[in-house]
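kindly generate the corresponding structure for this input.
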Amino acid sequence: MLLAFVAQVLVGGDGLVMPSWPLNGALNAAFICALLLLHFLKPRFSVIKALTKIPLALASMAMFFSLCIIAGIVPQGDRVGGIAALLKLSQITTSLPFAVAGVILMTCLGLTVLSRLWPFRLKNLPFLLNHLGLFLIINGMYFGAGDFRRGMIMLSHENFVNRARDEQGRSIFLPFALKLNSFSIDHFPVELTLLKTGSGELAPKRVQSRFVLPAGKLQLGDWRVSIDEFLEEAREDGEGGFVGISGLGVVSAARVSAINDTTSKQVSGWVCTRGTNTSAQSLVLNERETLLLEAPKPRQYRSELKVKLGAGEGVKDIVVEVNHPGKLGGWQLYQASYDVRAGAHSRVSGIEVVRDPWLPVVYAGIFMLMAGSLQLLRQKSLFGGVAR
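Okay, here's the model as predicted:
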């Protein structure tokens with residue numbers, strides 16, 4: 001591992017370039033064939049036998065997972081200075097030490113599985129599932145890295161787009177073209193909040209009002225508040241009030257009346273949320289308390305897209321929502337962004353496209369680990385005296 005870090009410093013560069021299909025598939029097949037060859041040569045060479053022993057297995061796991069911890073601590077992809085830049089710690093997953101550690105660990109796991117696989121014994125099943133599962137996870141992660149694609153694509157109503165951009169600004173050409181058909185947002189209810197004047201802190205009581213009716217009454221602290229009028233979408237009328245209207249730059253507004261239960265003081269006026277061309281408007285109740293209408297937060301936003309698959313295949317529709325990605329020819333489509341200033345009237349939608357064809361291999365490894373752990377617990381329960 002030390003030699004790998006030294007070689008990394010001497011070679012420099014931006015890290016290893018991971019091969020894509022079909023080269024990565026050929027390399028993976030060659031690696032598995034090499035494992036089989038080493039397995040058959042193991043009785044003749046003590047060095048190969050050492051790869052299946054516990055000390056080297058623990059050392060390889062320690063090296064690999066130490067680098068994984070570094071990848072989790074040091075921001076990846078960022079330009080850092082000092083020793084971190086020299087050792088490429090901000091690009092750890094494409095560094096030479098990470099590749100060496102993974103190959104050594106996969107070699108140890110593969111030879112260990114082959115050693116226990118024949119002659120097969122049922123008591124070895126948890127061992128085989130755990131080790132083979134970990135092997136598949138690392139194998140899919142390493143050899144599938146070259147096929148992983150992630151990019152952003154900004155869609156509008158005008159044109160079909162078939163090219164995304166990754167984090168480095170490189171083009172990713174898609175086997176389909178997308179165009180925005182419509183964009184919509186569902187909001188949480190508007191909140192009327194009682195704030196301490198000057199400090200901006202919440203008063204002891206905070207009430208969320210859904211404003212499903214044009215009028216309603218609320219109790220906010222010592223104040224009885226009446227919602228005389230509520231406009232979900234409105235603009236200033238130029239006379240100190242608001243008028244209901246939809247479109248870009250609209251705000252939510254409410255005309256409220258408040259009576260203090262202790263002092264009988266009465267206050268009334270308009271409150272509104274912040275808009276593109278409108279400042280938030282609050283209602284000062286006294287020197288200590290202010291009523292503020294908070295802007296509704298997005299609960300769900302979705303894009304209805306048109307998809308052009310290719311010549312002669314026509315156009316189809318697909319819906320992409322937050323937490324409900326669309327699936328298209330091995331690609332996952334995630335709702336990522338929109339024009340925040342325009343809100344529900346956004347004319348553009350940001351879609352993240354992700355392709356990871358080796359993910360089933362990783363999932364298979366995870367399920368094997370789970371099955372091996374359950375089988376190990378079952379064996380301990382049956383033969384360890386736990387079960388009665």
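
how close does Thr278 get to Gly249?
7 Å (Cβ to Cβ, to the nearest Å). From N, CA and C alone the C-beta is placed, and that goes for glycine too.

higher neighbour count, those two?
The residue with more neighbours, out of Thr278 and Gly249, is Thr278; 17 against 14, by other Cβ atoms under 10 Å.

now that one, what's its secondary structure?
Under the three-state scheme (DSSP: H, G, I helix; E, B strand; the rest coil), Thr278 adopts coil.

repeat that for Ala164.
strand.

ok, the strand ranked longest in the chain: who's next to it in the sheet?
The longest strand of the chain (DSSP state E) is strand 171-187. The pairing partners recorded for strand 171-187 under DSSP bridges are strand 161-165 (antiparallel), strand 298-308 (antiparallel).

still on that earlier bit, overlap in contacts, Thr278 and Gly249.
Taking Cβ atoms under 8 Å, 6 or more residues apart in numbering as the criterion, Thr278 and Gly249 both touch Arg235.

list the buried ones in the longest strand of the chain?
Buried residues in strand 171-187, counted by 16 or more other Cβ atoms under 10 Å: Ile172, Leu174, Phe176, Ala177, Leu178, Lys179, Leu180, Asn181, Phe183, Ile185, His187.

turn the strands paired with strand 171-187 into CSV, columns for mean neighbour count and mean pLDDT.
Below are the strands paired with strand 171-187 laid out as CSV (neighbours: other Cβ atoms under 10 Å; pLDDT from 0 to 100):
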stretch, mean neighbour count, mean pLDDT
strand 161-165, 15, 94
strand 298-308, 18, 92
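
need the helices for the chain, in chain order.
2-11, 23-41, 46-50, 54-73, 82-86, 96-117, 125-143, 359-383 (DSSP state H).

nearest to Glu158, out of those helices?
Of all the helices of the chain, it is helix 359-383 that lies closest to Glu158, at 33.6 Å by Cβ to Cβ.

list the contacts of the closest one.
123, 125-130, 132-141, 144, 386-387.

for the stretch 151-300 of the chain, give me the ranges with low pLDDT.
By pLDDT under 70, the weakly predicted segments of the stretch 151-300 of the chain are 197-215.

which stretches of it form strands?
For the stretch 151-300 of the chain, strands defined by DSSP state E, counting those that start in this stretch occupy the ranges 161-165, 171-187, 191-196, 207-208, 216-220, 223-236, 242-244, 251-260, 266-272, 283-284, 289-294, 298-308.

what's the domain layout of this protein?
2-147+359-383, 151-185+300-355, 189-296 (automatic domain parsing).

on that earlier part again, and the buried ones among the contacts of helix 359-383, selectable in ChimeraX?
In ChimeraX, a selection of the buried entries from these looks like this (16+ other Cβ under 10 Å):
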select :125,126,127,128,129,130,132,133,134,135,136,137,138,139,140,141,144
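
cool, thanks, signing off.
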